[in-house]
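Participant: just a sequence and a predicted model for now, questions to come.
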Amino acid sequence: MTSFRAWRVLVAWDFTREMRRKNTLVAMGMMALVTLFVFAFAIPTSSVELDQSRAGILWTTLLLAATVGIDRAFRADGEGRLLEGLLLSPVSRPTIYHARVASTLLFVLTIAVPSFGLFMLFFNQSVSAAALGWIALTALATLFGFVTLGVLLSSLTFSVRGGDVLLRVVLFPLLVPIFATAVDATSRAFDGGAPDARHAGLILAFDLTFLGAGHLLFDHGVKDLGPQG
Amino acid sequence: MNNSTASPTPTNGADLADGSVPGALPLTGGSPGRLFLPHALITVAALAFMNWLIIEHAPFGVKQIGASYLIAFYHVPSAILMGVAYTLVFAAGIMVLLTKSVEWDRRARAAAAAGLLANGIVLVTGSVWGKAAWNLWWNFQDPRLTTSAVIFLIYLAYFVLSRGIEDEAKRARICAIYGILALLAYMPVKYAVEWFGQGSHPPKVAMDGAQIRDTLNAGLLAFFFLYSLLYRWKYDLDTLRERSDAALARVRRLEDSRS
Amino acid sequence: MTADVHANAGRAVGVQPTVRVHRVWKRFGSRDALAGVSLSVAPGECVALLGRNGSGKTTLVRILATLDTASEGEIDVAGLSLPREETAVRGKIGVVLDHSFLPRDLRLEEGLRFYGELYGVPSPLERARVLAAKFGLGTRLTDPVRTLSRGMAQRASLCRALMHDPPVLLLDEPSTALDADGCRLLVQTIREHAARGRSVLLVTHDLPLAAAAADRALLLRKGKVVAEGAAAGVCAQAESEGSVAA
Ligand SMILES: Nc1ncnc2c1ncn2[C@@H]1O[C@H](COP(=O)(O)OP(=O)(O)OP(=O)(O)O)[C@@H](O)[C@H]1O
Ligand SMILES: [Mg+2]
């Protein structure tokens, strides 16, 4: 069995599993909705200041929603015992990691698109097609970065007591660089400009660094989980 | 920080007299706290010498920002040694994964503690400098200070993580991985803050001249003693804690097996 | 000492054991969960592993299942050494632990098919149906796993472990929550499996089950093998050990 086939099997079944009850999608969607509402009350929605903070609002919403999905990457089914079943199977550890990255990214993107629509609606924004393209590209690359690092950290914290809070404590500071870059790139796109090579370089470097780290370190993270799971 | 850590764990001979339990007695090994006092004295002396150099030797005030640049003699060595300490956390993390030994985890944790102290001093001195330069205690527009703050947060989370995990081997493994990721994030943080932070540019101060270099070197040495002292303190304390925990567990098990 | 006996026993009959555990230690902090355990399981043999709560049985099974790593010692499973060739070993073992590992929201047949696909079983759905029918779950195939009763989940767990017809079966308390009929099925499955030249390591507190299913038995106490031999004899000793302790 090739790694790629195993990867496909894992992703396909993650998807089927999620589609049965959509717990993760619903939790992420609610988080996005609630966050947007909170911002609507915290920030004047029609003022000029909004133009300066809109990218930040959008990315904070996406970060909080994505984190819910990342936290549930291993916790969702049977309190993480399912992972042990996968670890027993003859699929290499990196393949399990890459599959979980892919399925988590799929769920995060599924929620990111309507969240963006709601954001535009709530805050009365309109953008050109070109800007929309830049924002979509930035979001894709950035959310991929969130997920590569997030899934690795989630594999470390999901079996720890209070791991949901712990995940956020360790994840958010490490995401600062890619988050700041995405906010800046999106802000430019909103203003009618385009992100430049530094944005692309930093986001891609981040993505590849932590994808590589996950590939190498995931195995060490899930070793000796202990009988308690 | 006193010398009490130097005393070895008291072993209650009566309780452990029954040597029938297999496995190595976990009370052997190097003696924590050895030469701690001399180390502390050297540190105090080196810090005093550095301060004397700052006052007597270094030129008082350079153009642009005047006397406030003197804080750089605290700031710059701490920033350099912070980097060294965090690199040690990274290296020790790799050793944990390769050797599966909790010993390296203790080293990583001690290095992280030393790095965090250095980082804290970088933040405080940077803040004081900012007060002198912009009359602001905190300024997110200074990319270097902001970078240090983010790094501080990252390594603060290291300790939150390490406290959150009870099982020793698991903690070692997880913290090792986090320590590796933390260093990988350094460059992205630096560039992101510089390029996309609120950043204007901080005042650049030309720090050259023989007297300034002497003073900086003395500062590097003095702060090296200070941070290595903290490293040893943390390492020895954790070693003792682990040994006494192990000894207690053994005593308890001996009592269980008798009753 | 027991280790040498095993090495010799294996060589004497000229059969390579499928599971060989040689002086294995497992330490949790300062506690030794396994203290120099040696054992072997030959092809076509079922070995029962007995012992009181906390004697280290699950610890050993998890190490053999490649979930945990031993602190010390040598282990071969199906001619491959652990932990070096662990990915290859995983394809050769079927494992039952305290959880079915089937996704709760999938139907039973889907959950089994999922594992069948991971193990590269040729026609996983057929295989799932055959096994489920054999274990009396034929009518529950399209129900979500979360709706199964505990005994049914245990049967499903056995199906999952058997999906790829593994050369080595590692069963940790497989009779938990099983009814009399389920236990009979379990014994029958183990005997059939062994009769086809495959190996079974059976951890259980159910002494009649061990006596019925196993050829040999070992008694573990505080991480050490304290008795081994024909299943009936060791079971008797395990029984007396239990009553002494109580
Ligand atoms: N993750 C762990 N951390 C610390 N100690 C552990 C861990 N796992 C097991 N132990 C200890 O190892 C010993 C053996 O445990 P194990 O689970 O192997 O026993 P067992 O024989 O399977 O018992 P039972 O019959 O109750 O299932 C016990 O003393 C247990 O406390
Ligand atoms: Mg057990």
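Facilitator: Happy to help now that I have it. Ligands and ions are numbered 1, 2, ... in the order given.
Participant: what residue in the stretch 151-259 of chain B comes nearest to chain C?
Facilitator: At 4.1 Å from chain C, B:A246 is the closest residue in the stretch 151-259 of chain B, using C-beta to the nearest C-beta. In short, each C-beta sits where N, CA and C put it, glycine included.
Participant: in what helix or strand does the residue of chain A found nearest chain C lie?
Facilitator: Nearest residue of chain A to chain C: A:G85, at 2.8 Å (C-beta to the nearest C-beta). Here A:G85, judged by DSSP states H and E, is contained in helix A:81-88.
Participant: can you name the next helix or strand after that helix?
Facilitator: With secondary structure assigned by DSSP H and E, helix A:81-88 is succeeded by helix A:93-122.
Participant: buried stuff in that next one?
Facilitator: A:93-105, A:107-112, A:115-116, A:118-119 (16 or more other C-beta atoms under 10 Å in any protein chain shown).
Participant: get me the contact residues on chain B for chain A.
Facilitator: B:97, B:150, B:153-154, B:157, B:160-161, B:164-167, B:169-170, B:173-174, B:176-178, B:180-182, B:184-185, B:188-189, B:191-193, B:195-197 (C-beta under 8 Å from any C-beta of the partner chain).
Participant: closest residue of chain C to chain B?
Facilitator: Closest point on chain C to chain B, by C-beta to the nearest C-beta, is C:S30, at 4.1 Å.
Participant: what residue, apart from its backbone neighbours, is nearest that residue spatially?
Facilitator: B:A246 (4.1 Å; C-beta to C-beta, 6 or more residues apart in numbering or on different chains).
Participant: could you report the distance from the one you found to C:S55?
Facilitator: With the distance defined as C-beta to C-beta, to the nearest Å, B:A246 ends up 22 Å from C:S55.
Participant: burial measure for A:S47, as a count.
Facilitator: Neighbour count for A:S47, taken as other C-beta atoms under 10 Å in any protein chain shown: 10.
Participant: just say helix, strand or coil for it.
Facilitator: coil (DSSP: H, G, I helix; E, B strand; the rest coil).
Participant: just the helices from the chain, written as ranges.
Facilitator: Unless you meant another one, I'm taking chain A. Using DSSP state H, the helices found in chain A span residues A:3-21, A:23-42, A:49-75, A:81-88, A:93-122, A:129-157, A:163-190, A:197-221.
Participant: let's do chain B instead
Facilitator: Counting by DSSP H, the helices of chain B are B:13-16, B:36-56, B:72-99, B:102-134, B:143-164, B:168-184, B:186-196, B:210-258.
Participant: mean pLDDT lowest where, among those helices?
Facilitator: Comparing mean pLDDT across the helices of chain B, the weakest is helix B:13-16, with a mean of 36.
Participant: strands of chain C, start to end?
Facilitator: C:19-28, C:31-41, C:46-51, C:72-77, C:80-82, C:93-96, C:168-172, C:199-203, C:216-221, C:224-230 (DSSP state E).
Participant: how about the residues of chain C that lie near chain A?
Facilitator: C:58-59, C:62, C:65-69, C:87-88, C:90-91, C:93, C:95, C:97-99, C:101-106, C:110, C:114-115, C:117-120, C:144, C:160.
Participant: could you tell me which of these are located in helices?
Facilitator: Reading helices off the residues of chain C next to chain A with DSSP H, I get C:58-59, C:62, C:87-88, C:90, C:110, C:114-115, C:117-118, C:160.
Participant: farthest-separated two in those residues?
Facilitator: The span of these, defined through C-beta to C-beta, is set by C:T59 and C:E110 at 32.2 Å.
Participant: and C:V225, how many neighbours does it have?
Facilitator: 23.
Participant: now do the same for it: its pLDDT.
Facilitator: Reported pLDDT for C:V225: 93.
Participant: residue contacts, it?
Facilitator: Contacts for C:V225 (C-beta atoms under 8 Å, 6 or more residues apart in numbering or on different chains) come out as C:2, C:37-39, C:218-219.
Participant: give the buried residues for stretch B:78-88.
Facilitator: Neighbour-count burial for stretch B:78-88, with 16+ other C-beta under 10 Å as criterion, is recorded at B:78-83, B:85-86, B:88.
Participant: from the chain's centre, how far out does it sit?
Facilitator: 8 Å (C-alpha atoms, centre = their mean, to the nearest Å).
Participant: try stretch C:108-115
Facilitator: With C-alpha atoms, centre = their mean, you get 21 Å for stretch C:108-115.
Participant: return the residues of the stretch 51-200 of chain B in contact with ligand 1.
Facilitator: With C-beta under 6 Å from any ligand atom as the criterion, the stretch 51-200 of chain B meets ligand 1 at residues B:D167.
Participant: one more: chain C?
Facilitator: C:28, C:31, C:33, C:51, C:53-59.
Participant: for those, which one is nearest C:R150?
Facilitator: C:T58 (18.3 Å).
Participant: re earlier: between the buried residues of stretch B:78-88, which sits nearest A:L25?
Facilitator: Once C-beta to C-beta is applied, the member of the buried residues of stretch B:78-88 that ends up nearest A:L25 is B:Y86, at 38.2 Å.
Participant: low-confidence regions, chain C specifically.
Facilitator: C:1-14, C:242-246 (pLDDT under 70).
Participant: quick one: distance of stretch A:89-98 to the chain centre.
Facilitator: That offset, for stretch A:89-98, works out to 20 Å (C-alpha atoms, centre = their mean).
Participant: hmm, it in reach of chain B?
Facilitator: No - shown here: stretch A:89-98 not in contact with chain B (C-beta under 8 Å from any C-beta), separated by at least 12.4 Å.
Participant: got a list of contacts for that stretch?
Facilitator: With C-beta under 8 Å, 6+ apart, stretch A:89-98 has contacts from A:1, A:3, A:6-7, A:10, A:83, A:86-87, A:151-152, A:155, A:214-216, A:218-219, A:222, C:87-88, C:90-91, C:115, C:118-120.
Participant: what sits against B:F152?
Facilitator: Counting by C-beta under 8 Å, 6+ apart, B:F152 touches B:116, B:119-120, B:123.
Participant: with C:V47 instead?
Facilitator: C:39, C:41, C:199-202, C:214-218.
Participant: next to chain B, which bits of chain C? Give me the list.
Facilitator: C:28-32, C:35, C:69.
Participant: what does the residue of chain C closest to chain B show for phi and psi?
Facilitator: phi -100, psi 0 (degrees, to the nearest 10).
Participant: wait, it sits on B:V251?
Facilitator: No - taking contacts as C-beta atoms under 8 Å, C:S30 lies outside contact range of B:V251: 10.9 Å.
Participant: more neighbours, those two?
Facilitator: Set C:S30 next to B:V251 and count neighbours by other C-beta under 10 Å: C:S30 wins out with 19 against 14.
Participant: relative to B:A172, how far out is that one?
Facilitator: On the measure of C-beta to C-beta, C:S30 and B:A172 end up 15 Å apart.
Participant: and the furthest pair within the residues of chain C next to chain B?
Facilitator: Most distant of these, by C-beta to C-beta, are C:S30 and C:T69, 18.0 Å apart.
Participant: what is the burial count for the closest residue to ligand 1 within the stretch 101-250 of chain B?
Facilitator: Proximity of the stretch 101-250 of chain B to ligand 1 (C-beta to the nearest ligand atom) peaks at B:D167, 5.8 Å away. Other residues within reach of B:D167, judged by other C-beta under 10 Å, total 17.
Participant: how about C:R198, phi and psi?
Facilitator: Dihedral pair for C:R198: phi -100, psi 170, per degrees, to the nearest 10.
Participant: hang on, A:E18 packs against A:T104?
Facilitator: No - contact status for A:E18 versus A:T104: not in contact, 9.9 Å apart, counting by C-beta under 8 Å.
Participant: now for B:G115: which residues touch it?
Facilitator: B:82, B:85-86, B:88-89, B:155, B:227.
Participant: rewinding a little: and the residue nearest to the residue of chain A closest to chain C when sequence neighbours are not counted, how many neighbours does it have?
Facilitator: Computed as C-beta to C-beta, 6+ apart, the closest residue to A:G85 that is not its neighbour in sequence is C:F101, at 2.8 Å. A count of nearby residues for C:F101, using other C-beta under 10 Å, gives 27.
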